[in-house]
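Asks: Give me the fold of what follows.
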Amino acid sequence: MPKTPDTPAVARRRAREQRVVSQMIAIYCRGHHQAAARTECALCGEAVCPSCAELDALAARRTELCPHMATKTSCNKCATHCYPASQRERIRAVMRYAGPRMLRYHPVAALRHLIGK
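Replies: Below you'll find the model as predicted:
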């Protein structure tokens, strides 16, 4: 079944969500992996290791396919689990680590994410 086209507002929200998750993955990678290992580029444009680049690509695909983008507040409150069980704990670890650090590296994105806009 083909996906229905997004309204402009939902498309902006989807793109912003992808960017924020990508920034969080980059922050996590910066804090956990050696600089020499960060040879890939995340969706947000920052350097990440191949493992984090794979998670970034998965997160972007999942956000692209999210059917609740128009109404959801955040992924942890969503009834649908978009990530496979093998990756769910990994994305949680990324968000737990990077969430508090978002204010330092990307303050505007962090505030918008907290407000839910």
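
Asks: And the strands in the protein?
Replies: 40-41, 47-48 (DSSP state E).

Asks: contacting residues around the helix or strand bottoming out on mean pLDDT in the chain?
Replies: Sorted by mean pLDDT, DSSP states H and E, the helices and strands of the chain end with helix 107-115, the least confident at a mean of 82. Counting by Cβ atoms under 8 Å, 6 or more residues apart in numbering, the neighbours of helix 107-115 from elsewhere in the structure are R16, R19, V20, Q23, S74, M102, L103. In this view, the C-beta of every residue, glycine as well, is placed from N, C-alpha and C.

Asks: ok, the second one to S86 distance?
Replies: Okay, so that is R19. Applying Cβ to Cβ, to the nearest Å, one obtains 24 Å for the distance of R19 from S86.

Asks: and if you look at the last one?
Replies: Distance of L103 to S86, given as Cβ to Cβ: 30 Å.
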